[in-house]
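Visitor: Okay, structure incoming, though there's no sequence with it:
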C-alpha cells in the first residue's frame, strides 16, 4: 500500500488479548454481561442498547477481559476464513461487560491511535486478506495472536485519525438511521397490506371497519359484504384470460441461449416483485417467435412454479415480448375484473400463500401448477377498489424505494470514503485546525 503515512505493527500501538471467557455461569464466580461473537459480528458499534448474555467470570478474567469505551473487539475464530477479523468498537462505558470466547480485544494506545480509525482500518480489504491468509484450520479457522499483533496499521497523526473516524462514523450513523427508516416503512406496509387486503377502502376513500360497515363470513375470514368470495379459475372462466406453463424442456434447450436477444424469465430472475436481468437467459428473436404463445404482454403475471413459490411479478411495457421460461407460469388476467398489481399483491398475501404451501406438489422441492394456481381462493373487490388499494400500496412502496435508493448511495459513499481516507489518497488535513495540524 502506497500510503503517505508510516505504518506500525499493531502490537506497538495497542494491547491485544485473546479471551477465554466461556458462556457458562458458576456460583463461585461474579455475574457479568458477555459480549459474544454475534454481538461483534452484527454491529460496527457496541452500545448498552444490545441485549447481552448473562454469564459469570472470575475476578482475574474481569480484570483482564473487561471492556471499556474505546476498545476494539474482533472475531478470532470462524467456520470460514472470510469471517475472521470482523471488528467492532465499544463506544460507551457498559457496566460489567466482558469480552467472550472466540474474540480478541484490542485496547489502543490513546495517545497514538483512535479506536474508530483502527476499526475502519481492520475492516479494509487489505487487512481482511491478511487475516484470511493467516487463519489456520480445516473445519474451523482461528487467527493466532501473533498474526493479530503483526498486522500493519497506517498511522497518520492522531488528529487526522480522529477526523477520518468522525467522517466515517457520521456516514455510518446516516446508514443506520436509513436502515431503521426502511425497517419502519416495511412494518407499516405490512400492516397496511393486512388492512387493505382484508377490509378494503369504502366509497369515501376510508378503510372499512366492522364498526361502520357491514362484513360477512367467508372461508378466508370476515370480508366486506361488497366483496365476492371466488377463485382465480372461476374469474378466468367467466371473464376471459388464462393460465399456462412456460415451454416444456423439450421445446427450449439451454444450448439455444445467446448473449444478446429476447430475455427468458426463470424463477431465479423474479425478485421482490421485479424481474432482474443480471443473469437472465436470452434466445434469438426468431426462436422466440417460434414460441409465440409464451411471449408476455404488459399486464401479464409471471409466477415461479418451483422453489420459492411466493415469487411473482407483473410484466411492464419495457418487458413486452419477453418469454415466460420453463420454470414459470404465466397468467393473463381479464383486466376488467382483475388489476394485475392487485392480483400480484393478493397472491403474495399470507392467506393465499398458505393455500399454495398446503397444495404444492413435490417432496424435495415444492411445485406450483396451473390447477393449483386456478384453485386459489380470494376475496375479490371491484376493479375500482382494487385500483384504489394499488394506489395506497404504491405510495408506501415509493417511500420505501426512495429510502432504499438513499441507502445505496450512502453505502457507495462509505466505500469510496474508506478507499480514499484510509489510504491517504485524500487527506483531511484541510479540515483540521492549525493546532491539530501541528500535533
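Guide: Arrived safely. Worth saying up front: this structure is predicted, and the values here are computed from it rather than measured. Residues are numbered from 1 along each chain as shown.
Visitor: for stretch 134-148, what is the average pLDDT?
Guide: In this model, stretch 134-148 carries a mean pLDDT of 90.
Visitor: Quick check: buried residues in it?
Guide: 134, 135, 141, 142, 143, 147, 148 (16 or more other Cβ atoms under 10 Å). Every residue, glycine included, has its C-beta placed from N, CA and C.
Visitor: Can you tell me which of these lies closest to residue 75?
Guide: Nearest to residue 75 among the buried residues of stretch 134-148: residue 143, at 8.3 Å, using Cβ to Cβ.
Visitor: Would you agree that closest one is in contact with residue 134?
Guide: Yes - using Cβ atoms under 8 Å, residue 143 is in contact with residue 134, at 6.5 Å.
Visitor: Centre of the chain to stretch 401-410, how far?
Guide: The chain centroid and the centroid of stretch 401-410 are separated by 13 Å under Cα atoms, centre = their mean, to the nearest Å.
Visitor: what comes up buried for it?
Guide: For stretch 401-410, a neighbour-count test (16+ other Cβ under 10 Å) marks 403, 404, 406, 407, 410 as buried.
Visitor: what's the weakest-modelled helix or strand in the chain?
Guide: Within the chain, confidence by mean pLDDT, DSSP states H and E is lowest for helix 434-438 among all helices and strands, at a mean of 64.
Visitor: circling back to that earlier point, and the buried residues of stretch 134-148, which two are the farthest apart?
Guide: The widest separation within these, taken as Cβ to Cβ, falls between 141 and 148 and amounts to 13.6 Å.
Visitor: Out of the buried residues of stretch 401-410, which is nearest to residue 367?
Guide: Nearest to residue 367, judged by Cβ to Cβ, of the buried residues of stretch 401-410 is residue 404 at 31.7 Å.
Visitor: Backbone dihedrals for the closest one, please?
Guide: phi -70, psi -40 (degrees, to the nearest 10).
Visitor: same check, this time on residue 427
Guide: Main-chain dihedrals, residue 427, degrees, to the nearest 10: phi -100, psi 150.
Visitor: Can you report how many residues neighbour it?
Guide: Counted by other Cβ atoms under 10 Å, the residues lying close to residue 427 total 16.
Visitor: Okay, helices next: where are they in the stretch 151-300 of the chain?
Guide: Using DSSP state H, counting those that start in this stretch, the helices of the stretch 151-300 of the chain run over residues 158-198, 232-239, 285-290.
Visitor: any chance of those helices in JSON lines, plus distance to residue 379, mean neighbour count and mean pLDDT?
Guide: Formatted as JSON lines, the helices of the stretch 151-300 of the chain follow (distance: least, Cβ to Cβ, whole Å; neighbours: other Cβ atoms under 10 Å; pLDDT from 0 to 100):
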{"stretch": "helix 158-198", "distance to residue 379": "7", "mean neighbour count": "17", "mean pLDDT": "96"}
{"stretch": "helix 232-239", "distance to residue 379": "12", "mean neighbour count": "17", "mean pLDDT": "97"}
{"stretch": "helix 285-290", "distance to residue 379": "37", "mean neighbour count": "14", "mean pLDDT": "95"}
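Visitor: Adding distance to residue 211 as columns, could you present those helices in CSV?
Guide: Shown next, in CSV, are these (distance: least, Cβ to Cβ, whole Å):
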stretch, distance to residue 211
helix 158-198, 14
helix 232-239, 31
helix 285-290, 54
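Visitor: To residue 358, which of those helices lies closest?
Guide: Nearest of the helices of the stretch 151-300 of the chain to residue 358, taken as Cβ to Cβ: helix 232-239 at 15.8 Å.
Visitor: which non-adjacent residue is nearest the residue nearest the centre of the chain?
Guide: Central residue of the chain (Cα atoms, centre = their mean): residue 179, 9.8 Å from the mean position. Leaving out its chain neighbours, the residue that sits closest to residue 179 by Cβ to Cβ, 6 or more residues apart in numbering is residue 407, at 6.5 Å.
Visitor: Just the angle for the host helix or strand of the one you found relative to helix 158-198, thanks.
Guide: Residue 407 is part of helix 383-421 when elements are defined by DSSP states H and E. Relative orientation of helix 383-421 versus helix 158-198 (axes from the mean of the first three to the mean of the last three Cα atoms, to 10 degrees): 170 degrees.
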